[in-house]
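Student: pasted the sequence and its predicted model underneath.
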Amino acid sequence: MHYKLTIPARINLLGNPSDANEGDYATISVAIDAYAGAFVQPAKDLVLERLADRNGGYEPVDRQEFPCDHLPLPYTGELDLVKGAINRLYQHSAEFRAKVVQRGVHLATWTDVPRQSGLGGSSLFVLLALAGLRTFYDLEPRFHNDYFLAELTQRVEAKELGITCGFADRYVPLFGGIAYLDYRGKLHQRALREEPFVAYERLDDWVDELPLVVISTGIVRDSGDVHGRMRPRYIEEHDAWMARGGAMPPMVRFMTGAWETAWRGKIALLERDWPAVGALMNENHRLVNEMMAYCGFAEGAGRINNLLIDAALANGALGAKLTGAGGGGSVFALTHPSQEGKLMEVWQRAAAEEGLTEARVYRPKIARRGLVVETE
C-alpha cells in the first residue's frame with residue numbers, strides 16, 4: 001500500500017511559552033493551513049528522503065538508505081528528525097521492532113512551512129515519520145495512539161536530538177483545531193507514562209474563525225537555543241522556590257502571568273470578545289519580552305519582532321505577539337474582523353523598509369483537521 005500524509009503547522013495564541021518549556025501551565029494553540037506531508041510506500045530497505053517543491057512537483061534533495069536491521073540509525077546532520085523518530089519508535093515499540101526487519105519502507109517528507117519560522121515546523125517531520133510508520137506497519141492503534149505519538153515526538157527532539165522543547169508543537173498538528181492545552185504535571189518532562197498526557201480541549205465548535213494575520217520574518221533562529229537558556233533558569237528558580245518558599249521568583253512570575261492569559265483567553269474566546277483576546281495577547285507578549293531580557297537577550301523578543309508588533313498596534317490591531325521563541329520566526333496579530341487586508345499592507349511595507357526579502361505575510365485559516373492519512 002502507498003500512503004499520503006498531511007499535517008498542519010500551529011501558532012500559540014496565548015500562554016506560551018508555558019507549555020512545559022519554562023512552566024507547566026496551559027496554552028491556547030491553533031492549527032493553521034500551512035502544511036507538511038509525507039509519502040510512504042514499500043521498499044527493499046529503509047529509504048529516507050527529503051523533498052523540495054521544484055517546478056510544481058516534489059523532487060528529492062536528501063536521500064539515505066539503510067538495511068532494515070541497521071537500527072538504531074546514525075545521526076549525520078541530515079534527516080536526523082526522521083531518523084530520531086525511527087530510533088525512538090524502535091526503542092518503545094516491540095511490534096515495530098518485529099515488523100521493521102521483515103520489510104522495508106520508503107519515507108519521503110516535504111514541507112511548505114517556512115524553516116525555523118516559529119510555527120512548529122521541525123516537529124512536523126517527526127510526527128509524519130511516526131504516523132507514517134504506524135500506518136505502513138499497521139501498528140496496534142491502542143498502544144500507538146495519537147497521544148503516544150505526540151509524547152514520543154517530544155522525546156525524540158528532547159532526548160534523541162537534545163532540543164529543548166515543550167509539548168504544544170507535538171500535539172496541535174496531530175489533533176487540529178483551536179484547543180486549550182493543559183500541561184499540569186509535565187514540568188520536569190519525565191519518562192513516558194510517568195507523567196500525565198496533555199489534556200486537549202477543543203474550542204473550535206464555539207470559535208470557528210479568527211481574524212488573524214501572520215508575518216514570517218524570514219529571520220532564521222533556533223527555538224531550542226532560546227528555550228535552552230530560559231528553561232534551565234526557570235527550573236532552577238522554580239525548584240528553589242518550592243523548597244524555600246517566600247516571594248515568587250521572576251521566572252515563575254512571568255510564566256504564571258502567561259498562564260493567566262491562557263485561561264482568561266479561553267473565556268474571552270468563547271464569548272467572542274475580540275478586544276479582550278487582543279489585550280491578553282499584548283500582555284502575553286509583554287511578559288515574554290521582559291522574560292527574554294531578564295534571561296540575557298539584549299533585544300528581548302527581538303528588534304524586528306517588536307517593531308512589527310508596534311506597527312500592527314499603531315495601525316488598529318487589537319493584539320500582536322510572537323508565536324515562536326523570539327529573535328526571529330513569526331509574529332501574528334488579531335484585527336477587527338474585515339481589517340486583515342489593511343494590516344497585511346502595513347506589514348508588507350514594514351518588511352520592505354527593513355529589507356526582509358524572505359518575509360511572508362498571509363492570513364491563516366484554522367485547520368480543523370489535524371493529521372490526514374490517505375491511501376494512494
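Tutor: Alright, I've got the coordinates. Predicted model, so just to flag it, every value in this text is computed and none were measured. Numbers count the residues shown, from 1 in each chain.
Student: element containing the closest residue to Glu78 other than its chain neighbours, please.
Tutor: Leaving aside its chain neighbours, Glu78 sits nearest to Asp62 (5.2 Å; criterion: CB to CB, 6 or more residues apart in numbering). Just so you know, the C-beta spots here come from the backbone N, C-alpha and C atoms, and that holds for glycine as well. Per DSSP states H and E, Asp62 falls inside strand 57-66.
Student: how close does Val172 sit to Ala150?
Tutor: Distance, Val172 to Ala150, using CB to CB, to the nearest Å: 9 Å.
Student: does Val331 sit in a helix, a strand or a coil?
Tutor: strand (DSSP: H, G, I helix; E, B strand; the rest coil).
Student: thought Tyr362 was touching Asp33, still the case?
Tutor: No: at 9.2 Å, Asp33 does not count as touching Tyr362 under the criterion of CB atoms under 8 Å.
Student: for those two, indicate the residue with more neighbours.
Tutor: Tyr362 (17 against 14; other CB atoms under 10 Å).
Student: I figured the more buried one hits Val214, correct?
Tutor: Yes: with contact defined as CB under 8 Å, Tyr362 reaches Val214; the gap is 5.8 Å.
Student: now the common contact residues for those two.
Tutor: Listed contacts common to Tyr362 and Val214 are nil; contacts here mean CB atoms under 8 Å, 6 or more residues apart in numbering.
Student: now do the helices in the stretch 251-376 of the chain.
Tutor: 274-294, 303-314, 340-353 (DSSP state H, counting those that start in this stretch).
Student: what residues does the last one touch?
Tutor: Outside of helix 340-353, the residues within contact range by CB under 8 Å, 6+ apart are 211-213, 215, 217, 307-308, 311-312, 315-317, 333, 335, 359, 361-363.
Student: any low-confidence regions in the stretch 201-350 of the chain?
Tutor: Within the stretch 201-350 of the chain, the ranges that satisfy pLDDT under 70 run 220-224, 324-328.
Student: quick one, longest strand in this structure?
Tutor: strand 26-43 (DSSP state E).
Student: and that strand, what's buried?
Tutor: 26-32, 34-41 (16 or more other CB atoms under 10 Å).
Student: again with stretch 335-345
Tutor: So, applying 16+ other CB under 10 Å, buried residues of stretch 335-345: 335, 339-340, 343-344.
Student: what's Pro249 sitting at in phi/psi?
Tutor: phi -70, psi 160 (degrees, to the nearest 10).
Student: isn't there a helix covering Thr6?
Tutor: No: applying three-state DSSP, one finds Thr6 to be strand, outside a helix.
Student: buried among the contacts of helix 340-353? Make that a PyMOL selection.
Tutor: Selection of buried members from the contacts of helix 340-353 for PyMOL, criterion 16+ other CB under 10 Å:
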select buried, resi 211+212+213+215+217+308+311+312+315+317+333+335+359+361+362+363
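Student: next step: the contacts of helix 340-353 restricted to strands.
Tutor: Using DSSP E, the contacts of helix 340-353 in strands are 212-213, 215, 333, 361-362.
Student: export these to TSV and tack on distance to Leu322?
Tutor: Shown next, in TSV, are the ones in strands among the contacts of helix 340-353 (distance: CB to CB, whole Å):
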residue	distance to Leu322
Leu212	14
Val213	14
Ile215	11
Ala333	11
Val361	16
Tyr362	17
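Student: nearest to Arg369 among those?
Tutor: Leu212 (18.4 Å; CB to CB).
Student: so for Val172 and Ala150, which sits in the more crowded spot?
Tutor: Val172 (32 against 25).
Student: how near is that one to Pro60?
Tutor: On the measure of CB to CB, Val172 and Pro60 end up 28 Å apart.
Student: likewise for Ala317?
Tutor: For Ala317, the distance to Pro60 - CB to CB - is 41 Å.
Student: just want the angle from the strand or helix carrying Tyr90 to strand 57-66.
Tutor: Using DSSP H and E, Tyr90 maps to helix 80-92. On the basis of axes from the mean of the first three to the mean of the last three CA atoms, to 10 degrees, helix 80-92 is oriented at 50 degrees to strand 57-66.
Student: give the contact list for the closest residue to Gly370 other than its chain neighbours.
Tutor: Among residues not flanking Gly370 along the chain, Gly176 sits closest, at 3.2 Å (CB to CB, 6+ apart). Shown in contact with Gly176 (CB under 8 Å, 6+ apart): 8, 31, 367-371.
Student: show the pLDDT at Gly176.
Tutor: On pLDDT, Gly176 comes in at 98.
Student: on that earlier part again, tell me the one of the ones in strands among the contacts of helix 340-353 nearest Leu192?
Tutor: Leu212 (33.9 Å).
Student: so the closest one touches Tyr362, yeah?
Tutor: No: Leu212 is beyond contact range of Tyr362, at 9.7 Å (criterion: CB under 8 Å).
Student: ok, back up a step: reformat the helices of the stretch 251-376 of the chain as TSV; add distance to Leu107.
Tutor: Compiled in TSV, the helices of the stretch 251-376 of the chain are given as follows (distance: least, CB to CB, whole Å):
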stretch	distance to Leu107
helix 274-294	36
helix 303-314	35
helix 340-353	36
